[in-house]
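A.B. asks: Provided below for reference: sequence and predicted model.
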Amino acid sequence: ARAAEPDVAARAAALREQVGDRRLIVRIDRTELSKNIVRGLAAYRELLAKHPEWHGRVVHVAFAYPSRHDLPEYREYTAAVQRIASEISDEFGNGTWDPLILQVNDDYPRSLAAYGMADVLLVNPIRDGMNLVAKEGPALSRNGCALVLSDQAGAADEMSDDAIMVNPFDVSQTAEALHQALLMPADERAERCKRLAAAATALPPQRWLADQLDALG
């Protein structure tokens, strides 16, 4: 319901104007060390280096929102994310194509818009109890998105059958997974996404809480 609001549609229109008809690899995370954003960006860089056929045809939209900026380690991690993002744009970008859009200011409607537009969703945490991004993306996808998912995300237990699974420490494997996801035929991507969305919504909060209470009993 929130994704259907006018401000989300406006963000989607602005993003589409910015990227044109290029394919979109999307990630949405807090800038926490466990989210593994730097390795994800390194994988995208390797994708562009090894597969120049994607130059000008894909944009990585990375929304890395601030987290715990009172701690120096988190401020430095955000700076590291910004550094590698700048290096990717400098290395591969040109006057007509910026390969990477990094945003570090929190904007919930923009995140919902990006979910709906993603061709590929990258979720590569080092460790996560669940990672709701892996569920929110397929649930909001309009045309079907391929999910590249860390085997260390809790969501992997429910979504591994239709995701492209990766070891979060393996940058080269993640780069090839992104390549595979971009090459996935539209009908296969849509079918996988439909099953991912079904898995994502199979355990609503009320049922989950009831199951926990039953287990305690």
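C.D. replies: Ah, there it is.

A.B. asks: which ones are touching the spatially most central residue of the chain?
C.D. replies: By C-alpha atoms, centre = their mean, the chain has its centre lying nearest to residue 27, at 2.4 Å. Residue 27 makes contact with 37, 40, 60-64, 121-124, 133, according to C-beta atoms under 8 Å, 6 or more residues apart in numbering. Backbone N, C-alpha and C define where each C-beta goes, glycine included.

A.B. asks: which of the residues you listed tops the neighbour count?
C.D. replies: Highest neighbour count within the contacts of residue 27, by other C-beta atoms under 10 Å: residue 122, with 32 neighbours.

A.B. asks: narrow the contacts of residue 27 to those in strands?
C.D. replies: Among the contacts of residue 27, the subset assigned to strands under DSSP state E consists of 60-64, 121-123.

A.B. asks: distance to residue 9 and pLDDT added to those, as TSV?
C.D. replies: Supplementary listing: the ones in strands among the contacts of residue 27 in TSV, determined by distance: C-beta to C-beta, whole Å; pLDDT from 0 to 100:
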residue	distance to residue 9	pLDDT
60	23	98
61	17	98
62	22	97
63	18	96
64	24	92
121	20	98
122	24	98
123	25	98
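
A.B. asks: return the longest helix along the chain as CSV; C-alpha atoms alone will do.
C.D. replies: In the chain, with assignment by DSSP state H, the single longest helix is helix 72-92. Extracted in CSV, the C-alpha atoms of helix 72-92 (Å, rounded to 0.1, in the frame of the first residue of the first chain):
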residue,chain,number,x,y,z
PRO,A,72,34.1,6.1,14.2
GLU,A,73,34.2,2.6,12.6
TYR,A,74,30.8,3.2,11.0
ARG,A,75,31.8,6.7,9.7
GLU,A,76,34.9,5.1,8.2
TYR,A,77,32.9,2.4,6.6
THR,A,78,30.6,4.9,5.0
ALA,A,79,33.7,6.8,3.7
ALA,A,80,35.1,3.5,2.3
VAL,A,81,31.8,2.9,0.4
GLN,A,82,31.9,6.4,-1.0
ARG,A,83,35.5,6.0,-2.1
ILE,A,84,35.0,2.8,-4.0
ALA,A,85,31.8,4.2,-5.6
SER,A,86,33.7,7.3,-6.8
GLU,A,87,36.5,5.1,-8.2
ILE,A,88,34.0,3.0,-10.2
SER,A,89,32.4,6.1,-11.7
ASP,A,90,35.8,7.6,-12.5
GLU,A,91,37.1,4.3,-14.0
PHE,A,92,34.1,3.4,-16.2
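
A.B. asks: in that helix, which residues are buried?
C.D. replies: 74, 77-78, 81, 84-85, 88, 92 (16 or more other C-beta atoms under 10 Å).

A.B. asks: go on, stretch 108-120?
C.D. replies: Quick answer for stretch 108-120 (16+ other C-beta under 10 Å): 109-120.

A.B. asks: what's the closest of these to residue 103?
C.D. replies: Closest to residue 103 out of the buried residues of stretch 108-120 is residue 110 (7.2 Å), distances taken as C-beta to C-beta.

A.B. asks: from what I can see that closest one touches residue 13, true?
C.D. replies: No. At 11.4 Å, residue 110 and residue 13 do not qualify as touching, with contact defined as C-beta atoms under 8 Å.
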